[in-house]
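# pasting a predicted model and its sequence here:
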Amino acid sequence: MKKRIGAAPTLVYPESDGEPMAESGRHVRLLLDMIEMIDWHFRDAPDVHVCGNMFLYYEEGNPRKVISPDVFMVRGVSKKDLRTYKTWEQQPYLDFVLELASPSTYTKDFNEKKAIYEQILRVKEYCIYDPYHEIDPSFVGFRLVGDTYQEIAFVEGRLPCETLGLELGERDGVLRLYDPVKGMWFGPGRERTAEAETRAYEEARARQEAESHAVAESRARQEAESRAEHAEAELTELRAALERLNQ
């Protein structure tokens, strides 16, 4: 009997571990908001990929070498949808990573993940933020200088991220992005829409007030001209009366 030659088993790189996206609703909202905000900022850059909560494999042939950044940005990768990120198929080094920490992830974020981002993925800037401020430090950033991370200094309460060209900071107690070039904050789409609607309303009200003011000025000018004409007519009549008396 001939021995069957079996096919080599296919190596599987799972897309999910079945665990929740994040620890709390606040973590989930912030994770999705940060991805959306950074992606919107780079909306005109076709080779900047922004994503998060995705399995990232960093050793070909070894599915156990995996990490899942909460938020990451990498240049040199198109905006196409990716189900997993494999460093041997995409850009091997990342530009920016944000981890949303909590007391249960604190040790991993500051040790295991930090070592992988620093030594293997060569992440240029790595930030850690705890939306509940339950850990210390609850907000910190590192920049790759040579082969090691150095802590990023805060500027006016914000972390300047050179890879993003933006600053991370809290606005009304929530992590948001600040554009130092434009000198303005911006948030996720729903906030940008609300702010745009507010500006449009204020501009419309200002135009309406200006128009009302112009109408009032026009009416006042017409009334003043009418009074001047009436006074001129009265003066003409008085002069005529005086002339008649002097005859």
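Looks like it came in fine.
# please, which helix or strand holds the residue sitting nearest the centre point of the chain?
Centroid-nearest residue in the chain, with Cα atoms, centre = their mean: Met37, separated by 3.0 Å. Using DSSP states H and E, Met37 falls within helix 25-41.
# in that helix, which residues are buried?
Of the residues in helix 25-41, 27, 30-39, 41 count as buried by neighbour count, 16 or more other Cβ atoms under 10 Å. For every residue, glycine as well, the C-beta is placed using N, CA and C.
# could you do stretch 77-96 as well?
Residues of stretch 77-96 classed as buried by neighbour count (16+ other Cβ under 10 Å): 77, 82, 84-87, 90, 93-96.
# now the residue nearest to the centre of the chain: how far from His133?
Distance of Met37 to His133, given as Cβ to Cβ, to the nearest Å: 21 Å.
# cool, Val123 as well?
Distance, Val123 to His133, using Cβ to Cβ: 24 Å.
# looking at those two, which is more packed in?
When Val123 and His133 are compared for neighbours, Val123 comes out ahead with 27 against 12, by other Cβ atoms under 10 Å.
# quick one: contacts for that one?
Applying Cβ atoms under 8 Å, 6 or more residues apart in numbering, we find Val123 in contact with 72, 93-97, 117, 144.
# please apply the same query to Ile152.
So Ile152 contacts 125, 127, 140-143, 159-161 (Cβ under 8 Å, 6+ apart).
# quick check: of the residues you listed, which lies closest to Ala233?
Nearest to Ala233 among the contacts of Ile152 is Pro160, at 73.1 Å by Cβ to Cβ.
# burial of that closest one, as a residue count?
When neighbours are counted by other Cβ under 10 Å, Pro160 registers 20.
# next SSE downstream of the helix or strand hosting Leu144?
Using DSSP H and E, Leu144 sits within strand 139-145. Using DSSP H and E, the helix or strand that follows strand 139-145 in sequence is strand 148-151.
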